Structures are given as C-alpha cells and as structure tokens.
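Peer 1: using only what follows, build the 3D model:
(3 chains)
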Amino acid sequence: MPELPEVETVRRQLEPVLLGHRLSSVSIADSRLTRPTSPQVVEQRLTGRQIVGVERRGKYLIFELGTVNWIVHLRMTGSFTTTDAGGREPETHIRARVVLDDGTVLRYRDVRRFGTWSLLDDVERDAFFSERLGPEPLGEAFDEAWLGTRLAGSRSTIKAMLLDQATAAGVGNIYADESLWRAGVHPARPAASLTGAEIERLIDALREALQQGIRRQGATLRDYRAPDGTNGAMQDEFAVYTREGEPCERCAAPVAKTRVAGRGTWFCPSCQDK
DNA sequence: CAAGGACCCTGTTTGC
DNA sequence: TGCAAACAGGGTCCTT
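Peer 2: I've put the predicted structure just below:
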C-alpha cells in the first residue's frame, strides 16, 4: 500500500533514470488504467515527449512532460520497475511498458488494477490537486494552526481525519497508526477533543514517522517494491502496525487490533490516551 | 452536508 | 482437507 514514503522512494529512484529522456514507445495493456481516456490516446500523447520533471504530491507521482503532466496513482498494488537491473522483476500482472530513448524499459505492474494514469495540463493538474489534497505533511503549511482548525470543525475520529487526504496529503493506514502511537493518542478519539499539546505532538509524530519511512525506503508488506526491485525496510520498525499481541515498546502492554474508520487499526491500549 | 458504507479488483487468509 | 466467504484498503461515488 504505497503511502507518502513509498511514493517518495519511487520518485527518488525514478528521477535519475527518467529525467531528460524521451519516451520512445508506450504500450498499455489494461484499459482500466487510463479510464475514461482510451489507452491508445494516452499512448499516443505520451510517445515522443521528454521528461522534464519527476515530482510527487501526496501519493501521486507527477511526470512533467512540458505541456502535459503524466499523473500516476499506484493505489494498492501498483509499482514501477526499471529493467536492465538484473531482469529479476516479476513478469506477472504487467499492465504497461514504457521504453526510453536510451533503451531503458520501465514496467508498470498492478495486481489489483486499482492504479490510475491520467494526463492533465498545468491548469487541470493544479485544480485536481487543490480540490482534493491538503498540505504536504512534511511542508511548512502543515502546522498547528492548520491542523487545529481542521480538527476543531470535525465530528469524526482522529484516525479518520488523518486518513482524509484533505487533512495531510499522503497519509495512509500505516503512517496514521504509527504517528498516533508516537503521539500517544488513541485512534478512536474524537478529532475535536485533541488538546493543543496533543496536536503539536501529533504533527511532530507524523513527520517523524514519515521521515523514518523514507529513510527505510518504505514498507513492504506484500506487493510494494522500489523501482530497482528492492523491498522497503520500514515494516521491520513498525511500533504497532500489524503487531497485534506483541509488547508495546514504550510500556510493554500487548498491542491491540481494532477497526476504526473502516480500517484495520493497531494501537497500544495502555499508553495511547482514550 | 459531513460521515459512513459500497464499490472497484485479485490474491491470500480465514472459517466452517 | 477443501472450498467458499471474508479480508486487505485508496479513492470515488452514493446514501443517510
């Protein structure tokens, strides 16, 4: 489940491979990928373009192609792999292939076919992001004033608010649970009940969890792979996520699993305040 | 109108 | 043991 750290890892690996190169050929094997646009139209519009930027916004990858932006969301099981790197990449569920002008082959794999590719010009892109994404949690705009205002006007749980991409772009199930544990806040707490001190702690906790995820090149639970084919290592450092029954490393109480905001949720029932 | 649920998918896990 | 049902979850759309 690629979240901000996983997508940022993908971006950092793809940037040096793609930047400055042209797309010699593009073939898309899954018509779902580009809906509602047809794969043929997207193939034709991508082919021959030069990649002048490789960016990320929330969980979206943005390949800047001059007059158009190729925007990719990996959703649950999407991944890019570059070949020539030993040919060890999986052969199943390849939904698209891109060949660069230097012969590099970029493969797009997506078992569950939830991922999306779209082409937007700069105006469309800005509108697309501004109407659904809040600030980058690692950026300056994500501060106590912003989060405090959002939480104060909410009647849902803090976990649901963290998962809302309009609160902080790029947070998913893993980093929501990990940051709430770091902050010592129970995931089912009403968002509006957090104190100023808790909001400050949560901002720091979220940033730390995301930065740790980036340092560890993301978390590989099942499908996620970096473009060079390697696994992330963040799953080895989870404090609570998927660790039901194991001792909390802060207070030794067993980690509990429950369901919050419709998602599997792991937390320490002893040191995350209800 | 905010909030919760269904849905899209397919491979894996669970439960009878 | 075998097989069907449940589950996983990001984002969108629909309902409450």
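
Peer 1: what residues does the stretch 51-200 of chain A have near DNA strand C?
Peer 2: A:58-59, A:73, A:75-76, A:112, A:114, A:132, A:163, A:165, A:172-174 (C-beta under 7 Å from any atom of the strand). In this view, the C-beta of every residue, glycine as well, is placed from N, C-alpha and C.

Peer 1: now, the most widely separated pair of those?
Peer 2: Using C-beta to C-beta, the pair of these lying farthest apart is A:112 and A:132, separated by 21.4 Å.

Peer 1: give me the secondary structure label for residue A:27.
Peer 2: Here residue A:27 is recorded as strand under DSSP: H, G, I helix; E, B strand; the rest coil.

Peer 1: can you give me the neighbour number for it?
Peer 2: 13 (other C-beta atoms under 10 Å).

Peer 1: picking up where we left off before, now the residues of the stretch 51-200 of chain A next to DNA strand C as TSV including neighbour count?
Peer 2: Below are those laid out as TSV (neighbours: other C-beta atoms under 10 Å):
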residue	neighbour count
A:58	22
A:59	22
A:73	16
A:75	15
A:76	16
A:112	11
A:114	14
A:132	13
A:163	20
A:165	17
A:172	21
A:173	19
A:174	26
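
Peer 1: what is the nearest of those residues to DNA strand B?
Peer 2: Lowest distance from DNA strand B to these (C-beta to the nearest atom of the strand) belongs to residue A:112, with 3.7 Å.

Peer 1: quick one: the closest residue to the closest one other than its chain neighbours from residue A:200, how far?
Peer 2: Closest residue in space to residue A:112, ignoring its immediate chain neighbours: residue A:77 at 4.6 Å, by C-beta to C-beta, 6 or more residues apart in numbering. With distances taken as C-beta to C-beta, to the nearest Å, residue A:77 is found 36 Å from residue A:200.

Peer 1: for stretch A:139-147, list every residue counted as buried.
Peer 2: For stretch A:139-147, the neighbour count (16 or more other C-beta atoms under 10 Å) marks A:142, A:146-147 as buried.

Peer 1: span of it from start to end?
Peer 2: End-to-end distance for stretch A:139-147, by C-alpha to C-alpha, to the nearest Å: 13 Å.

Peer 1: the helix or strand in which residue A:81 is found vs DNA strand B: in contact?
Peer 2: Element membership of residue A:81, judged by DSSP states H and E, is strand A:78-82. No: Strand A:78-82 does not reach DNA strand B (C-beta under 7 Å from any atom of the strand); its nearest approach is 11.7 Å.

Peer 1: quick one, the next helix or strand after that strand and strand A:78-82 angle?
Peer 2: Per DSSP H and E, the first helix or strand lying C-terminal to strand A:78-82 is strand A:94-100. Strand A:94-100 runs at 40 degrees relative to strand A:78-82, counting by axes from the mean of the first three to the mean of the last three C-alpha atoms, to 10 degrees.

Peer 1: list the buried residues of strand A:94-100.
Peer 2: Using 16+ other C-beta under 10 Å as the burial criterion, the residues of strand A:94-100 that qualify are A:94-96, A:98-100.

Peer 1: could you do stretch A:156-169 as well?
Peer 2: In stretch A:156-169, counting by 16+ other C-beta under 10 Å, buried: A:157-165, A:167-169.

Peer 1: hey, where'd the strands end up in the stretch 51-200 of chain A?
Peer 2: For the stretch 51-200 of chain A, the strands defined by DSSP state E, counting those that start in this stretch cover A:53-57, A:60-64, A:69-73, A:78-82, A:94-100, A:105-110, A:116-120.

Peer 1: how about the buried residues of stretch A:156-169 in a markdown table, adding pLDDT?
Peer 2: A markdown table is the format used below for the buried residues of stretch A:156-169 (pLDDT from 0 to 100):
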| residue | pLDDT |
| --- | --- |
| A:157 | 92 |
| A:158 | 94 |
| A:159 | 93 |
| A:160 | 93 |
| A:161 | 94 |
| A:162 | 94 |
| A:163 | 93 |
| A:164 | 93 |
| A:165 | 92 |
| A:167 | 94 |
| A:168 | 93 |
| A:169 | 94 |
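
Peer 1: considering only the buried residues of stretch A:139-147, which also neighbour DNA strand B?
Peer 2: Answer for the buried residues of stretch A:139-147 near DNA strand B: none qualify (C-beta under 7 Å from any atom of the strand).
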